[in-house]
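**Student:** How does the following fold in three dimensions:
(2 chains)
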Protein chains: 2
Amino acid sequence: MDIPFFFEADLPANPAHFPLSPETSKHCIQVLRMQQGESIVLTNGAGLKYDAVILAADKKQTVVSLANPVFCPRPEPLTTIAISFVKNPARMEWFLEKATETGVSAVYPLVASRTERTHFKAERWENIIVSAMLQSRQVWKMQLHQPVDFSQLIQQKMAGLALIAHCEEGVKHSIASMEHAVNRMILIGPEGDFSPGEITAAIRQGFKPVSLGNTRLRTETAGIAAAVLLQNL
Amino acid sequence: MDIPFFFEADLPANPAHFPLSPETSKHCIQVLRMQQGESIVLTNGAGLKYDAVILAADKKQTVVSLANPVFCPRPEPLTTIAISFVKNPARMEWFLEKATETGVSAVYPLVASRTERTHFKAERWENIIVSAMLQSRQVWKMQLHQPVDFSQLIQQKMAGLALIAHCEEGVKHSIASMEHAVNRMILIGPEGDFSPGEITAAIRQGFKPVSLGNTRLRTETAGIAAAVLLQNL
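**Tutor:** Modelled structure (predicted):
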């Protein structure tokens, strides 16, 4: 059984007594019924990890003592997935959970010309990302960017590998054939794909067109396939 | 807009008039409000595809005329995923949808020593697989096997690549480093992983231990990661 693992955004740089957030306190004391003297592990989602021991168990504000700080550098590669909103919000949330599990470092919710709905639920999505990070015992939280327009995103200067996945005809590379680069970004289109104009514009900006396999994937499935292929490149 | 695409298990080998199943009839006539003279596409999920035109629109039994039979050979590689049941049935259903989209050819629901729940819903799962097959415009239906015990499955003689994904210590290969083989099977364990004894037994039977990346994945996520990596090997 793993030691319970929690997220606290504001961990101090050095060991100290630390009051857990109300959410973490509640989870430790009410849900897990933990008591004084028991151990947990804390991360700030930015590489810092502490062992902690419960000094004062309280379901609103439990106090712990921090020990053994460990800083883990951000694992590479750094994979960024810019993915269109999809009609069914549950599918987007599912994507966020799975992208986090596979170690994707950042996600841009994308608004393309054929994107139908844009329902950005920052807080709810952050909670999903944190739960998935803890569940997979990671200490770096996937960064959730603000939604961005396709045309705006492709103007940004890309360091490393910049890819666009689409279903239109034309030359496409396989992700496996791509040269190694620490930074990898891929654009995933909405139901109905990117428009031909968007694809041309992205390629003009240096995005390489790629295929994610021989079957037609839903947007969120394409996002996960891209995450898995890029993380294992 | 794609021509509506439906599954009919019992398509004839040669063009003929054909009565659609009640489900397909209802979907065409009641849901899509299609009428006499309109076109649909049918597949039997075993490589056969027909263009069809509605002759008599009826929400219980619509009759169509079949034309232009096309037989598509089963696409290779042939990827089989043997995956443990998970506690949350929705996660298993999600896996089935995504595995179908990525073109996996067969799934074994696996009962390992640490598998906690086994809730095999054959009909419901078949429906999920058919919907995903149609959604991704495939003409081969992923085969859903009966649940099988781990010890029983690893006794089978494996043609091609036989892999086991696990989180225990020890030598593990990356899937990308595997030699090409038409037939690929991978074993995915339950929450809490396979037992050391199971891992040893599988390796003794010729299964190669593989890693699916640097993060700890949920069972259903590991299943999809394996599907994507094997389909793109």
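**Student:** Please make it C-alpha for all contacts and neighbour counts, starting now.
**Tutor:** Noted.
**Student:** I'd like the distance between the spatially most central residue of chain A and chain B.
**Tutor:** The geometric centre of chain A, computed from its C-alpha atoms, lies nearest to A:Met142 (C-alpha atoms, centre = their mean), at 3.2 Å. Distance, A:Met142 to chain B, using C-alpha to the nearest C-alpha, to the nearest Å: 13 Å.
**Student:** go on, A:Pro77?
**Tutor:** Distance, A:Pro77 to chain B, using C-alpha to the nearest C-alpha: 11 Å.
**Student:** Let's see the pLDDT reported for that residue.
**Tutor:** Looking at A:Pro77, its pLDDT reads 92.
**Student:** wait, it sits on A:Asn183?
**Tutor:** Yes - using C-alpha atoms under 8 Å as the test, A:Pro77 is close enough to A:Asn183 to be in contact (6.2 Å).
**Student:** Give me the neighbour count for A:Ser136.
**Tutor:** A total of 18 residues lie near A:Ser136 under the criterion other C-alpha atoms under 10 Å in any protein chain shown.
**Student:** now swap in the one 3 residues further on and tell me
**Tutor:** Here the count is done by other C-alpha under 10 Å, and A:Val139 has 25 residues near it.
**Student:** you'd agree it is up against A:Met133?
**Tutor:** Yes - A:Val139 lies in contact with A:Met133 (C-alpha under 8 Å); the separation is 7.2 Å.
**Student:** Quick check: neighbours of the helix or strand of chain A with the lowest mean pLDDT in the sheet, parallel or antiparallel?
**Tutor:** Ranked by mean pLDDT, DSSP states H and E, the weakest helix or strand in chain A is strand A:173-174, scoring a mean of 88. Paired neighbours of strand A:173-174 in the sheet (DSSP bridges): strand A:208-211 (parallel).
**Student:** Show residues contacting the next helix or strand after the strand it pairs with.
**Tutor:** Downstream of strand A:208-211, the next assigned helix or strand under DSSP states H and E is helix A:219-231. Around helix A:219-231, the neighbours that count as contacts under C-alpha atoms under 8 Å, 6 or more residues apart in numbering or on different chains are A:77, A:79, A:81, A:83-84, A:86, A:91-92, A:94-95, A:98-99, A:102-104, A:175-176, A:184, A:186, A:188-191, A:212, B:98, B:101, B:213, B:225, B:228-229.
**Student:** where does chain A dip in pLDDT?
**Tutor:** A:1 (pLDDT under 70).
**Student:** got the residues of it near chain B?
**Tutor:** A:98, A:101-103, A:136-138, A:176, A:212-218, A:221, A:225, A:228-229, A:231-232 (C-alpha under 8 Å from any C-alpha of the partner chain).
**Student:** What's the local residue count around the nearest residue in space to A:Thr102 that is not next to it in sequence?
**Tutor:** Leaving aside its chain neighbours, A:Thr102 sits nearest to B:Thr215 (6.1 Å; criterion: C-alpha to C-alpha, 6 or more residues apart in numbering or on different chains). Using other C-alpha under 10 Å, B:Thr215 has 16 neighbouring residues.
**Student:** B:Thr215: what's it in contact with?
**Tutor:** Residues in contact with B:Thr215 (C-alpha under 8 Å, 6+ apart) are A:101-103, A:136-138.
**Student:** switch to 10 Å and redo it
**Tutor:** B:Thr215 makes contact with A:100-103, A:133, A:136-138, B:167 under the criterion C-alpha atoms under 10 Å, 6 or more residues apart in numbering or on different chains.
**Student:** Relative to B:Ile40, how far out is it?
**Tutor:** 44 Å (C-alpha to C-alpha, to the nearest Å).
**Student:** again, but for A:Glu179
**Tutor:** Distance from A:Glu179 to B:Ile40, by C-alpha to C-alpha: 43 Å.
**Student:** Give the residues shared as contacts by A:Pro77 and A:Asn183.
**Tutor:** Common neighbours of A:Pro77 and A:Asn183, using C-alpha under 10 Å, 6+ apart, are A:105, A:230.
**Student:** and the residue nearest to A:Thr102, backbone torsions?
**Tutor:** phi -110, psi 160 (degrees, to the nearest 10).
**Student:** follow-up on the earlier one: am I right that the residue nearest to the centre of chain A is in contact with A:Leu134?
**Tutor:** No - in this structure, A:Met142 is not within contact of A:Leu134 by C-alpha atoms under 10 Å, at 11.3 Å.
**Student:** what touches both of those two?
**Tutor:** Common neighbours of A:Met142 and A:Leu134 are listed as A:45, A:100-101 (criterion: C-alpha under 10 Å, 6+ apart).
**Student:** Which of those residues fall within strands?
**Tutor:** Per DSSP state E, strands hold no members of the shared contacts of A:Met142 and A:Leu134.
**Student:** What is the nearest of these to chain B?
**Tutor:** Nearest to chain B among the shared contacts of A:Met142 and A:Leu134, counting by C-alpha to the nearest C-alpha, is A:Glu101 at 5.9 Å.
**Student:** Looks like the closest one contacts B:Leu212 (just checking).
**Tutor:** No - if you go by C-alpha under 10 Å, A:Glu101 and B:Leu212 don't touch, sitting 11.4 Å apart.
**Student:** who has more neighbours, these two?
**Tutor:** Between A:Glu101 and B:Leu212, counted using other C-alpha under 10 Å, the more crowded position is A:Glu101 (28 against 25).
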